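J.: Next input, structure requested:
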Amino acid sequence: MSDSPLKRKVRDVLVSPKIGDDVQVQGWVRTKRESKAGLTFLEVNDGSYFQNLQVVVPADLPNYTTEIPKLYPGSSVTVIGKEVQSQGGKQAVEVQAREVSLLGACDPSVYPIGKQKMTYEYLRDFTHLRSRTNTFSAIARVRNVLSMAIHGFFQERGFLWLHTPIITANDAEGAGQMFRVTTLDMEKPPRKEDGGVDFAKDFFGGGVNLTVSGQLEAEAYACSMGNVYTFGPTFRAENSHTSRHLAEFWMVEPEMAFADLEDDARLAEDFLKHLLRNVLEKCPLEMEFFKQRVEPTILETLHSVVDNPFKRLTYTEAVEVLKKSGETFKYAVEWGIDLQSEHERYLTEKVFKAPVILTDYPKGIKAFYMKLNPDGKTVRAMDVLVPGIGEIIGGAQREDREDVLVSRIKEMGMHEGPLWWYLDLRRFGSVPHAGFGLGFERLVQFVTGMGNIRDVIPFPRTPGNIHI
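T.: Sure, this is the predicted structure:
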């Protein structure tokens with residue numbers, strides 16, 4: 001039997017200490033201080049837990065005067081020692097070191113992550129290092145918990161996880177804001193007789209793009225497999241520089257067969273509550289940190305979403321509420337406009353003080369695939385609005401009538417040709433079906449209270465900005 005000390009994560013030592021046992025811990029030095037008693041105290045973190053592990057380094061170590069002075073913040077170390085009850089009041093356990101080895105040095109004169117307060121804007125220039133800070137390591141763990149909660153929610157309800165393509169010929173939104181994918185030589189592309197680029201000579205034999213949504217493909221599988229969901233990256237070539245937009249982001253998109261808008265709304269409400277409960281239960285230290293350092297009301301907001309039913313009303317009713325409010329908005333409210341974030345937040349934060357599900361939007365501001373209502377003016381669409389963010393989920397019952405869908409495609413100036421397969425779903429055993437999309441980063445932004453969506457994804461992609 002080997003007598004080597006047990007290798008443990010910082011989380012394991014702090015949450016389940018084994019007082020008196022030998023242990024090996026590896027991580028990065030967050031802070032170092034020296035005492036008058038001839039001891040050095042290291043705060044070590046390996047990313048597994050919000051709190052750091054205190055390591056007490058005695059002066060009688062052989063490398064105390066040669067290597068320990070080089071343990072600047074950012075350095076990586078291996079610590080071997082004994083788990084003991086802490087003499088300080090900030091932690092219950094610490095490691096009394098008998099060996100400390102420097103694995104990777106870190107020059108403090110050039111290391112950009114310091115003890116001083118750093119702005120989020122500054123840290124965006126160091127996306128490869130910012131996860132070493134409390135804020136961004138906490139965000140990473142929250143993302144992880146939310147990701148697993150998403151899969152858990154759908155798997156427990158019998159949904160099939162579907163991998164939809166990233167390269168596609170479909171524009172699910174009909175907006176045209178897509179990234180072109182090509183293998184053609186753009187300096188000398190093949191030309192058609194009219195001078196346009198001949199994409200028939202491209203790799204796929206036609207024009208293709210990065211996907212903006214996996215919804216249409218999910219509908220195909222829902223119409224044979226029942227309930228499915230996608231969870232993957234999507235892309236929008238939208239030249240937006242706001243705090244709410246990214247060029248690359250992750251989307252969660254469930255699709256249900258034999259379902260209508262009411263089923264969709266119930267699923268969305270249950271889904272959000274499930275995710276928030278998971279975060280509150282599994283990330284208490286991170287959430288307390290966000291409350292203390294980012295948004296003082298964040299825990300109150302999340303609990304209010306979990307504990308209260310969502311308010312439901314139609315778009316038309318919401319417009320009337322907004323017009324009668326007496327509030328002066330930057331964007332005037334009239335029936336037929338696409339509600340802005342200020343309108344959505346006013347409804348959730350001032351009027352109802354709860355999440356809101358708006359339904360039955362004007363057809364002119366919604367996508368071609370949404371089911372047309374009998375009035376001919378509105379569609380069976382819904383948006384889920386939450387305090388602090390506004391829209392967090394957008395969904396709809398899908399148009400399952402071939403003739404109406406064809407009319408809507410033509411009405412919006414689109415072409416039937418590329419959607420022949422989508423129309424097939426209405427020709428061969430069509431069924432009522434519905435689904436929604438949730439922007440994952442907007443969810444993380446809502447959960448953490450972070451003000452800019454660029455700070456809740458590990459490596460943000462925005463116009464004119466791609467460091468890594």
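
J.: any idea which helix or strand carries the spatially closest residue to residue 220 that is not a sequence neighbour?
T.: Among residues not flanking residue 220 along the chain, residue 425 sits closest, at 6.2 Å (CB to CB, 6 or more residues apart in numbering). Any C-beta I mention is one placed from the backbone N, CA and C, and that applies to glycine too. Element membership of residue 425 [criterion: DSSP states H and E] is helix 420-427.

J.: Name the strands paired with the helix or strand following that helix and say parallel or antiparallel.
T.: Using DSSP H and E, the next helix or strand after helix 420-427 towards the C-terminus is strand 433-439. Here strand 433-439 has these sheet partners by DSSP bridges: strand 248-257 (antiparallel), strand 390-397 (antiparallel).

J.: Now do the very next helix or strand once past the shortest one and helix 420-427, the angle between them.
T.: As assigned by DSSP H and E, the chain's next helix or strand after strand 390-397 is helix 402-411. What separates the directions of helix 402-411 and helix 420-427 is an angle of 150 degrees, with axes from the mean of the first three to the mean of the last three CA atoms, to 10 degrees.

J.: Could I get the buried residue list for helix 402-411?
T.: 405, 406, 408, 409 (16 or more other CB atoms under 10 Å).

J.: So what touches the helix holding residue 425?
T.: Under the contact criterion CB atoms under 8 Å, 6 or more residues apart in numbering, helix 420-427 has outside partners 170, 216, 219-220, 223, 369, 399-402, 405-406, 416.

J.: how close does residue 50 get to residue 459?
T.: Relative to residue 459, residue 50 is positioned 22 Å away (criterion: CB to CB, to the nearest Å).

J.: of those two, who's got more company?
T.: Using other CB atoms under 10 Å, the more surrounded residue of residue 50 and residue 459 is residue 50, with 20 against 11.

J.: Which residue is the nearest non-sequential neighbour of the more buried one?
T.: Among residues not flanking residue 50 along the chain, residue 285 sits closest, at 4.0 Å (CB to CB, 6+ apart).

J.: ok, which stretches of the stretch 301-450 of the chain are helices?
T.: 315-323, 341-346, 402-411, 420-427, 440-448 (DSSP state H, counting those that start in this stretch).

J.: okay, the shortest one in PDB with CA atoms only?
T.: This means helix 341-346. What follows is helix 341-346, C-alpha atoms only, in PDB (Å, rounded to 0.1, in the frame of the first residue of the first chain):
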ATOM      1  CA  SER A 341     -36.800  46.400 -22.600                       C
ATOM      2  CA  GLU A 342     -38.000  49.500 -20.800                       C
ATOM      3  CA  HIS A 343     -41.600  48.400 -21.400                       C
ATOM      4  CA  GLU A 344     -41.000  44.800 -20.400                       C
ATOM      5  CA  ARG A 345     -39.200  45.800 -17.200                       C
ATOM      6  CA  TYR A 346     -41.900  48.300 -16.300                       C
END
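
J.: Pull out the buried positions in that helix.
T.: 343, 344, 345, 346.

J.: any idea which of the residues you listed is the one closest to residue 125?
T.: residue 345 (30.3 Å; CB to CB).

J.: residues making contact with stretch 58-77?
T.: Stretch 58-77 is contacted from outside by 26-32, 38-40, 42, 44, 57, 96-108, 111, 113-115, 132, using CB under 8 Å, 6+ apart.

J.: end to end, how far does that stretch reach?
T.: Chord length of stretch 58-77, first to last residue, is 16 Å (CA to CA, to the nearest Å).

J.: Return the distance of that stretch from the chain's centre.
T.: 39 Å (CA atoms, centre = their mean, to the nearest Å).

J.: swap in stretch 452-468?
T.: How far stretch 452-468 lies from its chain's middle: 12 Å, per CA atoms, centre = their mean.

J.: What is the neighbour count of residue 371?
T.: When neighbours are counted by other CB under 10 Å, residue 371 comes out with 23.

J.: and it, what does it touch?
T.: 261, 379, 380, 396, 397, 398, 399, 400.

J.: List buried members of these by neighbour count.
T.: By 16+ other CB under 10 Å, the contacts of residue 371 give 261, 379, 380, 396, 397, 398, 399, 400 as buried.
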